[in-house]
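**Q** the following comprises the amino acid sequence and a computationally predicted model.
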Amino acid sequence: MSRIGKKEIIIPTNIEVKIHNSEILVKGNKGKLSYNISELIRIEKTDNIIKLYKTCHTQKAQAIYGLSRSIVNNMIIGVSKGFEKKLTIQGVGYRSQMEKKDLILNVGYSHPVRIKPPENINIKVDNNINITISGINKELVGQLAATIRSVRPPEPYKGKGIRYENEVVRRKVGKAGK
């Protein structure tokens, strides 16, 4: 049984929520987001509280129940506060820079890697090694951070690569020399 789906979502005072059939539209001071909820889920809004209910008791409805609640909650958090992911680059000669809106990574390849962010997602580079990704859509922010990290994930011997800010990389002992 989903414990997440049962929780009610409290709407802050500066957020406007509209529900039309199965579509929910959330507007806030940072922007607006919309999401189509499955027909297996029914959504109700009373005053400043949103509750979700299952229309049938199947395994698929149970799976979508908690997911829908989390997505709607993340939409409300996103338009009010926003989301942010921080990455750091470690390695001699590894660096990053911005060119207009594109991120250019020099991480040991023979060519620079260019990453174009989706709309409504901002990338900021500090000291050529700290990358901050921010936006109102949690899914897009996380996906872009994962894409940037996958260009050069941290390797276990020297720890070189792109990692999340507080990520701990388990180090291996190199082979013993004679």
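**A** Looks like it arrived, so ask away.
**Q** for the residue nearest the centre of the chain, which three-state class applies?
**A** Centroid-nearest residue in the chain, with Cα atoms, centre = their mean: G142, separated by 2.8 Å. Here G142 is recorded as helix under DSSP: H, G, I helix; E, B strand; the rest coil.
**Q** contact partners for it?
**A** Listed by Cβ atoms under 8 Å, 6 or more residues apart in numbering, the contact set of G142 reads F83, K85. (Each C-beta comes from the backbone N, C-alpha and C, glycine too.)
**Q** ditto for L33
**A** By Cβ under 8 Å, 6+ apart, the contact list for L33 reads L25, V26, M75, G78, V79, I136, N137.
**Q** what's the answer for V125, then?
**A** S96, Q97, M98, L103, I131, T132.
**Q** give the ChimeraX command for selecting the buried subset of the residues you listed.
**A** Buried subset of these, written as a ChimeraX selection, criterion 16 or more other Cβ atoms under 10 Å:
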select :96,103,131
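**Q** make CSV out of the contacts of V125 and add pLDDT and secondary structure.
**A** Shown next, in CSV, are those (pLDDT from 0 to 100; DSSP: H, G, I helix; E, B strand; the rest coil):
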residue, pLDDT, secondary structure
S96, 94, strand
Q97, 93, strand
M98, 93, strand
L103, 93, strand
I131, 95, strand
T132, 96, strand
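**Q** tell me which of the contacts of V125 is nearest to R152?
**A** Closest approach between those and R152, by Cβ to Cβ: S96, at 10.7 Å.
**Q** tell me what that closest one is bridged to.
**A** With beta bridges defined as DSSP bridges, S96 has these partners: L105.
**Q** now the helices for the protein?
**A** Using DSSP state H, the helices of the chain run over 59-80, 138-151.
**Q** ok, which of those comes nearest K7?
**A** Across these, K7 has its closest neighbour in helix 59-80 (6.6 Å, Cβ to Cβ).
**Q** residues contacting the closest one, please?
**A** Contacting residues not belonging to helix 59-80 are listed as 1-5, 7, 9, 11-12, 14-15, 17, 24, 26-33, 35, 37-38, 40-41, 43, 50, 52, 54-55, 83, 135-139 [Cβ under 8 Å, 6+ apart].
**Q** measure K45 to G174 for me?
**A** K45 sits 59 Å away from G174, taking Cβ to Cβ, to the nearest Å as the criterion.
**Q** what's the domain layout of this structure?
**A** 9-80, 83-164 (automatic domain parsing).
**Q** same list (those) but as a markdown table, adding distance to K178.
**A** Listed next are the domains of the chain as a markdown table, based on distance: least, Cβ to Cβ, whole Å:
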| stretch | distance to K178 |
| --- | --- |
| domain 9-80 | 55 |
| domain 83-164 | 19 |
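**Q** which of those sits closest to R170?
**A** domain 83-164 (6.3 Å).
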